[in-house]
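Asks: Mind folding the following:
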Amino acid sequence: MATSSLPLVVDVWANPTGLHIPEVQRLFEQSHADPSLSARRLSPDELIALMDEAGVSQICLAAWHRPGATLFSNATVAEYTRAYPTRIFGLASVDLHDPVAAVHELEHYVRVEGFKGLRVVPWLWNLPPTDAHYWPLFVKCVELDVPFCTQAGHTGPLCPSEVGRPIPYVDEVALKFPDLKIVCGHVGYPWTAEMVAVAWKHANVYIDTSAWSPRYYPQELMAFASTTGRKKVMFGTNFPQLGWKACVDKVYKHHGQGVRGTLRKEVLADFMGGNAKRVFKLPDVAAAEGKKTQPRL
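Replies: Okay, the predicted model is just below:
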């Protein structure tokens, strides 16, 4: 069991296992993802065992909706967050085509179940985040003081990539909703320089490294993380596309002390967990945590 005495490592983009999305299946195969992780649904205890093996303290686990279907419900994610309430945190997913119901669902899972944010993957809906369907959700995120998490950059699955452009879409949302915390996953590639520019420009725009092996983090992103963006870049994996142990080990191998282009100790600490803890308002990890069965009111 991870405790507060160990280095804080937070994965801000983790997915449920046993999640069958045809477009994503191809991406995972191209990424050489471990099929033993993605093929079946792992229990909360099994996820925690993998986290402990890798030294991962906490994760943000996302529900999944797509047009016309619930792929992994918020209620199911809540089973994981109740089991380990200081280590697994929910990110709500909603039906973007039903904004009124979506706002109510987001509010319920944040206020009653302690979820820490909203995630919408634009390519699943083929709607950029400037679309009006998102706007009531942005207002509710500001009211609840939780981040809006989204994907930025090209689409690995065979879907249009335009909706993932940082400029104009993330830039325009940040201009319209300056108090909205926006966490952009997948580093924005091939528009990483644009993504860095948007995060530098806007106080509440952040970047996470999910879906990217640490060996291949873009140079412009790491330069930003080391300097003016020290408080803006967060560790993510897109688990189970990337396994936790291999990903954490590679961060220290390629960016730790004694490595060319190393991140300073304090910068690495912010990147691996400090920034996520602050932005998502995560509690300390409990030294000993039994299973919980009641909602967090």
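Asks: Show the subsequent helix or strand relative to the worst-scoring helix or strand of the chain on mean pLDDT.
Replies: Sorting the helices and strands of the chain by mean pLDDT, DSSP states H and E puts helix 22-30 at the bottom, at a mean of 71. Note on helix 22-30: by DSSP states H and E, the next helix or strand toward the C-terminus is helix 35-38.
Asks: Give me the distance from whichever helix or strand comes after that following helix to the chain's centre.
Replies: As assigned by DSSP H and E, the chain's next helix or strand after helix 35-38 is helix 44-54. Put simply, helix 44-54 sits 18 Å off its chain's centre (Cα atoms, centre = their mean, to the nearest Å).
Asks: Show me what helix 44-54 packs onto, helices and strands only.
Replies: Here helix 44-54 touches strand 58-62, helix 74-83, strand 88-92, helix 244-255, going by 3 or more Cβ pairs under 8 Å, 6 or more residues apart in numbering; DSSP states H and E. The way it works is simple: take the backbone N, C-alpha and C, and place the C-beta from them, glycine included.
Asks: which stretch among the ones you listed comes nearest residue 137?
Replies: Nearest to residue 137, of all the helices and strands packed on helix 44-54, is strand 88-92, at 9.4 Å by Cβ to Cβ.
Asks: And for that closest one, what's in contact with it?
Replies: Here strand 88-92 makes contact (Cβ atoms under 8 Å, 6 or more residues apart in numbering) with 44, 47-48, 58-63, 74, 77-78, 80-81, 105-106, 109-110, 113-119, 149, 280, 282.
Asks: buried sites along the next helix or strand after that strand?
Replies: The helix or strand immediately downstream of strand 88-92 is helix 99-111, counting by DSSP H and E. Residues 99, 102-103, 105-106, 109-110 are the ones in helix 99-111 that count as buried (16 or more other Cβ atoms under 10 Å).
Asks: Please state the offset of helix 99-111 from the chain centre?
Replies: In terms of Cα atoms, centre = their mean, the gap separating the centre of helix 99-111 from the centre of its chain is 19 Å.
Asks: Now do that helix: everything it contacts.
Replies: Residues from elsewhere that reach helix 99-111, judged by Cβ under 8 Å, 6+ apart: 74, 78, 90, 92, 94-96, 115-116, 118, 133, 135-137, 140-141, 144, 146.
Asks: now the angle from it to strand 88-92?
Replies: Here the directions of helix 99-111 and strand 88-92 differ by 170 degrees (axes from the mean of the first three to the mean of the last three Cα atoms, to 10 degrees).
Asks: Dump helix 99-111 to PDB, keeping only the CA atoms.
Replies: C-alpha atoms of helix 99-111 as PDB (Å, rounded to 0.1, in the frame of the first residue of the first chain):
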ATOM      1  CA  PRO A  99     -26.800  18.700 -21.800                       C
ATOM      2  CA  VAL A 100     -29.500  19.100 -19.100                       C
ATOM      3  CA  ALA A 101     -29.200  15.500 -17.900                       C
ATOM      4  CA  ALA A 102     -25.400  15.700 -18.300                       C
ATOM      5  CA  VAL A 103     -25.200  18.700 -15.900                       C
ATOM      6  CA  HIS A 104     -27.300  16.900 -13.300                       C
ATOM      7  CA  GLU A 105     -25.200  13.800 -13.600                       C
ATOM      8  CA  LEU A 106     -22.000  15.700 -13.300                       C
ATOM      9  CA  GLU A 107     -23.200  17.500 -10.200                       C
ATOM     10  CA  HIS A 108     -24.400  14.300  -8.500                       C
ATOM     11  CA  TYR A 109     -21.100  12.500  -9.000                       C
ATOM     12  CA  VAL A 110     -19.000  15.400  -7.800                       C
ATOM     13  CA  ARG A 111     -21.100  16.400  -4.800                       C
END
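Asks: need the next SSE after that helix, C-terminal direction.
Replies: Later in the chain than helix 99-111, the nearest helix or strand by DSSP H and E is strand 117-120.
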